[in-house]
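Student: Provided below are the primary sequence and the corresponding predicted coordinates.
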Amino acid sequence: MRDLWRRRRGRTRTGEGHADALRTATEQAVGLREAGEYGRARALEEDTLAQRRRSLGDDHPDTLQSALGLMLSLDGLGAREQARALGEDTLRRCRRVLGAADRLTLTVAINLVRTLASLGEQQRVRELAEDNFNRARDALGADAPATLVAAANFVMVLSESGEHRRACELGEDTLARRRRLLGPDHYRTLITANALALDLGTLGEHALARSLCEDTLARAERSLGADDPDTLVTAYNLASELAALGEHEQARARFEDTLARRRRVLGEDHPGTLDTAVNLARVLASLEQHQRARDTLEDALARYRRTKGDDHSDTLNAAANLADVTRKLGDYAAARDLDEDTLARRRRVLGEDHLHTLNTASGLVVSLIRLGDHERARHLGEDTLARQRRVLGDGHHRTLDSANNLAVVLRALGEEQQADQWVEWIKAQHR
């Protein structure tokens, strides 16, 4: 799971010469929004926007600034369709009145990108983020603060679109510029470094990602403190890279420290805390500490079910991991029960051919074999293998594992000839 730093926003300033009452209301709304009181902020901003539209007109910069504030509060409240409509109208007006490269225009565009992303409009998100970056770079120059904000935003969009190579290239350039202009310990520099490390890790460049995480973590601990939520994001990412490199003892120690801090700072049920617990359990399982892994996952699964519901992807991921660990402990009946429930939910939520669904089906086949339920294992194994061959291909290791399990089932059922045929088929894939 990608773990990103929060975006710390400074306070919005109103234009000079505005009425004191409106300026005070705007500042109060910003403070409320920063405190997470979006409902109260919205009420103030709706009133301020209406007064500014009436006294200054729809296109005045102060009116547009108020519209941006209301857009942010609407987004914070989850009223994203309203935030989107207001954002698109405000962006059109800003571009016409202030110009495409004005700081307010770019700020509105960047926040509109985030709202559109929440609505799942990925194509528009990508187009707008790239357009913002190109406009800022062409008008202001590559080193301008607004350009670097637009670049960082575009990097995030590229990453979420799966374009990690391009995200790395732009991220490396943005990081170099921010180090030179802001310094290596500046908060925005650290944000950029953290995002780049994530993309490097996704591309399999785990050694580079680890090195960058270690440097970023040291700087974050020094400038923000070891318990700061953003510092803990980097600590989590470093633990993930250590695990990917096979350095499980170091990963375990880092995950355990991060989990203890997140529990204290964020709370037991925070998504970041629970994600850390799940990944710690996976490392414990790699170290063959299966009972500790099971205990950790059972606690995380109970919390996910309570906070996110039975069908949420995080809940199902925790359940699948718990089933794997339970199977390794030899408790095949409990593993079967978990897998049957998870498989039914993943089929409904993700579809029959989704990789996660097929992985759960494969695990259930193993449990059924161990429990001697060979007829069910055969039926499910044949269906899973057919789907994996279609989705993953004949040579994929998961496809080959399923073929091997099917051969085991067929032998148990006395169908030696069919079992031998699958064994020969597996050998042919390795040639």
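Tutor: Received, thanks. Residues are numbered from 1 along each chain as shown.

Student: Helix or strand next in line after the one helix or strand Glu27 maps to, which one?
Tutor: Secondary structure assignment for Glu27, by DSSP states H and E: helix 20-34. Later in the chain than helix 20-34, the nearest helix or strand by DSSP H and E is helix 38-56.

Student: how close does Thr307 sit to Leu148?
Tutor: 36 Å (C-beta to C-beta, to the nearest Å). All C-beta spots, glycine's among them, are computed from the backbone N, C-alpha and C.

Student: When those two are compared, which one has more neighbours?
Tutor: Leu148 (25 against 15; other C-beta atoms under 10 Å).

Student: Please work out the average pLDDT along the helix or strand harbouring that one.
Tutor: Here Leu148, judged by DSSP H and E, is contained in helix 145-160. For helix 145-160, mean pLDDT rounds to 91.

Student: contact partners of that helix?
Tutor: When contacts are defined by C-beta atoms under 8 Å, 6 or more residues apart in numbering, helix 145-160 is touched by residues 2, 4, 101, 103, 106, 109-110, 113, 117, 122, 125-126, 129-130, 132-133, 135-137, 140-141, 164, 166-167, 170-171, 173-174, 177-178, 181, 188, 191-192, 195-196, 198-199, 202.

Student: Could you pull out the buried residues of it?
Tutor: Neighbour-count burial for helix 145-160, with 16 or more other C-beta atoms under 10 Å as criterion, is recorded at 146-159.

Student: Farthest-apart pair in the residues you listed, please.
Tutor: Farthest apart among these by C-beta to C-beta are Ala146 and Ser159. That separation is 20.7 Å.

Student: Weed out the non-buried ones from the contacts of helix 145-160.
Tutor: Applying 16+ other C-beta under 10 Å to these flags 101, 106, 109-110, 113, 117, 125-126, 129-130, 132-133, 135-137, 140, 164, 167, 170-171, 174, 177-178, 188, 191-192, 195-196, 198-199, 202 as buried.

Student: Only the C-alpha atoms, please, for stretch 292-302, written as CSV.
Tutor: In CSV, the C-alpha atoms belonging to stretch 292-302 read as follows (Å, rounded to 0.1, in the frame of the first residue of the first chain):
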residue,chain,number,x,y,z
ARG,A,292,2.6,-13.9,16.4
ALA,A,293,1.6,-13.1,12.9
ARG,A,294,-1.8,-14.8,13.4
ASP,A,295,-2.4,-12.9,16.7
THR,A,296,-1.5,-9.6,15.0
LEU,A,297,-3.7,-10.3,12.0
GLU,A,298,-6.7,-11.4,14.0
ASP,A,299,-6.6,-8.1,15.9
ALA,A,300,-6.2,-6.1,12.7
LEU,A,301,-9.0,-8.0,11.0
ALA,A,302,-11.5,-7.4,13.8
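
Student: Can you give me the distance of the residue lying closest to Leu56 once chain neighbours are set aside to Leu86?
Tutor: Nearest residue to Leu56, sequence neighbours excluded (C-beta to C-beta, 6 or more residues apart in numbering): Thr63, at 5.2 Å. Taking C-beta to C-beta as the measure, Thr63 and Leu86 are separated by 12 Å.

Student: And Leu208, by the same measure?
Tutor: From Leu208 to Leu86 the distance is 41 Å (C-beta to C-beta).

Student: These two - which one has more neighbours?
Tutor: Just comparing Leu208 and Leu86: by other C-beta under 10 Å the higher neighbour count belongs to Leu86, 22 against 16.

Student: By neighbour count, which bits of stretch 375-391 are buried? Give me those.
Tutor: Ala377, Arg378, Leu380, Gly381, Thr384, Leu385, Arg387, Gln388, Val391.

Student: could you list every residue that touches the spatially closest residue to Ser286 that is not a sequence neighbour?
Tutor: Nearest residue to Ser286, sequence neighbours excluded (C-beta to C-beta, 6+ apart): His248, at 4.9 Å. Applying C-beta under 8 Å, 6+ apart to His248 gives the contacts Leu242, Val283, Ser286, Leu287.

Student: redo that, cut-off 6 Å
Tutor: Val283, Ser286, Leu287 (C-beta atoms under 6 Å, 6 or more residues apart in numbering).

Student: Same check on Ala323?
Tutor: Going by C-beta under 6 Å, 6+ apart, Ala323 touches Ala335, Leu338, Asp339, Gly363.
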